[in-house]
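S.K.: Sharing a model that was predicted from the sequence below.
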Amino acid sequence: MAAMEKLRIDKWLWAARFYKTRSLATEEINKGRISVNGQVVKPSRELKAGELVSMRREGLTRSVQVLALSDVRGPAPKAQLLYSETAESLQARDAHAQQRRFAREPALSIENGRPTKRDRRELEQAGHPWDDRWSASL
């Protein structure tokens, strides 16, 4: 980790492993999903240690305090030394995980879609000819 005073936010988000590529980080910043100290920023915004970065992703806002700056993307344990997540952000993330764990599987809400092969055979045996019922020519 190089000791520096300022670094572009897109580089820092990439180095801290929040985004896989710098262009993905830039894209999220341009969409207004990243803010520093409560203000929406541009990718070229210079970031300093001690600032608060908030990221909106998948209905959840993560807030992290910048501890150090690095323009080199290293292993995850080293990247985690660049920031510390705020207590409120950790609580919100736990609550979001709990909510997702207990939420119903979306596929279970589908009551009747396209019949399976077994369903079709049962319909035919019950006297419902498949081809007559589902013909596009009718």
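M.R.: Nice, I can see it.

S.K.: in the chain, which spans are strands?
M.R.: 7-8, 34-36, 39-40, 46-47, 52-57, 60-66, 83-85 (DSSP state E).

S.K.: and the ones you listed as TSV, adding distance to Glu28 and mean neighbour count?
M.R.: To be clear about C-beta, it is placed using only N, CA and C from the backbone, and glycine gets the same treatment. Output for the strands of the chain, formatted as TSV (distance: least, C-beta to C-beta, whole Å; neighbours: other C-beta atoms under 10 Å):
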stretch	distance to Glu28	mean neighbour count
strand 7-8	14	20
strand 34-36	6	21
strand 39-40	11	10
strand 46-47	15	16
strand 52-57	7	16
strand 60-66	12	17
strand 83-85	16	16
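
S.K.: who wins for proximity to Arg101 among those strands?
M.R.: strand 60-66 (14.1 Å; C-beta to C-beta).

S.K.: Also compute the angle for that closest one relative to strand 52-57, please.
M.R.: Using axes from the mean of the first three to the mean of the last three C-alpha atoms, to 10 degrees, the inter-axis angle of strand 60-66 relative to strand 52-57 is 150 degrees.

S.K.: Could I get the average pLDDT for strand 60-66?
M.R.: Across strand 60-66, pLDDT averages out at 93.

S.K.: elements contacting that strand?
M.R.: For strand 60-66, the helices and strands in contact under the criterion 3 or more C-beta pairs under 8 Å, 6 or more residues apart in numbering; DSSP states H and E are strand 52-57, strand 83-85, helix 87-102.

S.K.: In a markdown table, list the ones you listed along with mean pLDDT and distance to Ser23.
M.R.: Formatted as a markdown table, these follow (pLDDT from 0 to 100; distance: least, C-beta to C-beta, whole Å):
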| stretch | mean pLDDT | distance to Ser23 |
| --- | --- | --- |
| strand 52-57 | 93 | 16 |
| strand 83-85 | 94 | 21 |
| helix 87-102 | 89 | 25 |
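
S.K.: Format these as TSV; extra columns: distance to Pro75.
M.R.: Shown next, in TSV, are those (distance: least, C-beta to C-beta, whole Å):
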stretch	distance to Pro75
strand 52-57	21
strand 83-85	15
helix 87-102	22
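
S.K.: now for the ones you listed, which one comes closest to Ile34?
M.R.: From those, taking C-beta to C-beta, the stretch that ends up closest is strand 52-57, at 5.5 Å.
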